[in-house]
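Colleague: from the sequence below, what's the structure:
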Amino acid sequence: MPEHIGQAIARERLRARLVDLRKQRRLSSDAVTARTHWSASKLHRIETGAVTVQPLDVQALLGIYEVRDSAEVSRLTDLAVIARRRQWWSGFQLDNEYRDFVAYENEASHITVYQALQIPALLQTPAYARAVTSSVAGKKPDDHQLQNLIDVRMRRQAELLARMRGAEPPELVAILDGAVLERRIGGPDVLAGQLDHLIEMSRHEHVRLVVVPLRSGVHPSLGGVFELLEYEGTADPDVVLVESPVKAFLVKDGEVTARFHDAVDSMLEGGLTRDAAVEEIRRVRDSL
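Modeller: Numbering: from 1, shown residues only. Okay, here's the model as predicted:
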């Protein structure tokens, strides 16, 4: 089997390799589907990673692409098996884009999140999460769908903390615009509890908080909020979740993700970190 990887990375590696093999053989999509008797949409979904692919279908494609190396056939078949395994998020009602994001996040070695509107999801308390999600989703606090979203958020936090206790702990960098600390989501008591939680999490060796104070003025990320996922020690591309008022979407293009790295570098340079960040959080906490 390949080195320890999860569902999202397995699917991305398999998808990319199958596309490369088809192009190396100079086969059009139509030529492949003519031999497999698949619809054009099925091959397209496989090659874009929109669906997982059956191991037998992988082997059929490898036969068409004349792959004779038994080690590569075995490796790609294993990737198909891994990509189809049920994961903890399989039991939740998630749209495809958000499901893929959770899968990628669950494997990232370095997570950098920037928030200008609310406390990052990975650091929210249950009370804060309920208040902010209820408001954004326009649903009552006891709504079933709302609870599903909160449960996923809390599970993401639990899984991240569990990985941080493991042999290869991921790093979390949370960059907060100063306005986030001041916004009284859920009222003073809920915000106070949330700020206390941030101070507690700042003591974790794998968590770094950065506050971009309001006096900093304009900075590169005022246009939106995002989460940058990196995979250290691999050739796997970075993934960025970009959030908007309408929906969130994933970005994998290297030239685009590089811009988010630039924005992060700028905010790290100009933001408050370590003791200064905690002092700013305490200042707001004491004013409530």
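Colleague: show me what contacts the residue nearest to L198 when sequence neighbours are not counted?
Modeller: What sits nearest to L198 in space, not counting adjacent residues and going by C-beta to C-beta, 6 or more residues apart in numbering, is I281, at 5.4 Å. For glycine as for every other residue, the C-beta is placed from the backbone atoms N, C-alpha and C. By C-beta atoms under 8 Å, 6 or more residues apart in numbering, the residues touching I281 are L181, L195, L198, I199, S202, L209, V211.
Colleague: confirm Y104 sits in a helix?
Modeller: Yes: per DSSP: H, G, I helix; E, B strand; the rest coil, Y104 lies within a helix segment.
Colleague: tell me which residues touch it, please.
Modeller: Going by C-beta under 8 Å, 6+ apart, Y104 touches A8, I9, L229, V239, L250.
Colleague: change it to 10 Å
Modeller: Y104 makes contacts with 6-9, 11-12, 111, 227, 229, 231, 236, 238-241, 250, 252, as judged by C-beta atoms under 10 Å, 6 or more residues apart in numbering.
Colleague: among the residues you listed, which are in strands?
Modeller: Judged by DSSP state E, these include I111, E227, L229, V239, V240, L241, L250 as members of strands.
Colleague: from D265, how far off is the nearest residue to L62 once chain neighbours are set aside?
Modeller: Distances taken as C-beta to C-beta, 6+ apart place V73 nearest to L62, at 5.5 Å, with adjacent residues excluded. Plainly put, V73 is 42 Å away from D265 if you go by C-beta to C-beta, to the nearest Å.
Colleague: look at the two and report which has more neighbours.
Modeller: Set side by side, V73 and D265 show more neighbours around V73, with 15 against 11, by other C-beta atoms under 10 Å.
Colleague: for R68, see how far away R285 is.
Modeller: According to C-beta to C-beta, R285 and R68 sit 65 Å apart.
Colleague: which one of these two is surrounded by more residues?
Modeller: More crowded of R285 and R68, by other C-beta under 10 Å: R285, with 17 against 9.
Colleague: specify the local secondary structure of the more buried one.
Modeller: Three-state call for R285 (three-state DSSP): helix.
Colleague: sorry, back to before: now list the buried members of the ones in strands among the contacts of Y104.
Modeller: Taking 16 or more other C-beta atoms under 10 Å as the criterion, what is buried in the ones in strands among the contacts of Y104 is I111, E227, L229, V239, V240, L241.
Colleague: got the residue ranges for the helices in the stretch 1-150 of the chain?
Modeller: Ranges of helices within the stretch 1-150 of the chain are 7-24, 29-36, 40-48, 55-64, 70-83, 96-105, 126-137, 144-164, based on DSSP state H, counting those that start in this stretch.
Colleague: how about the fourth one: buried residues?
Modeller: What it means is helix 55-64. Buried residues in helix 55-64, defined by neighbour count with 16+ other C-beta under 10 Å: D57, V58, A60, L61, L62.
Colleague: ditto for stretch 120-140
Modeller: For stretch 120-140, a neighbour-count test (16+ other C-beta under 10 Å) marks 120-125, 127-134 as buried.
Colleague: picking that back up, which pair in the contacts of I281 spans the largest distance?
Modeller: The distance between the two most remote of the contacts of I281 (C-beta to C-beta) is 12.8 Å, for L181 and S202.
Colleague: between these two, who's got more neighbours?
Modeller: A count of neighbours by other C-beta under 10 Å puts L181 above the other of L181 and S202, at 22 against 18.
Colleague: I'd say the more buried one and A174 touch.
Modeller: No: checked against C-beta atoms under 10 Å, the pair L181 and A174 is beyond contact range at 11.9 Å.
Colleague: between those two, what contacts are shared?
Modeller: I119, L198, V211, A277.
Colleague: nearest residue to N148 in space, please, no chain neighbours.
Modeller: Here the residue nearest N148, using C-beta to C-beta, 6+ apart, is Q93, at 5.5 Å.
Colleague: got the contact list for the one you found?
Modeller: Counting by C-beta under 10 Å, 6+ apart, Q93 touches R99, H144, Q145, N148, L149, V152.
Colleague: closest one of the residues you listed to R85?
Modeller: Distance to R85, by C-beta to C-beta, is smallest for R99 among the contacts of Q93, at 13.8 Å.
Colleague: neighbours around the residue lying closest to the closest one once chain neighbours are set aside, how many?
Modeller: Among residues not flanking R99 along the chain, W89 sits closest, at 6.2 Å (C-beta to C-beta, 6+ apart). Counted with other C-beta under 10 Å, residues neighbouring W89 total 20.
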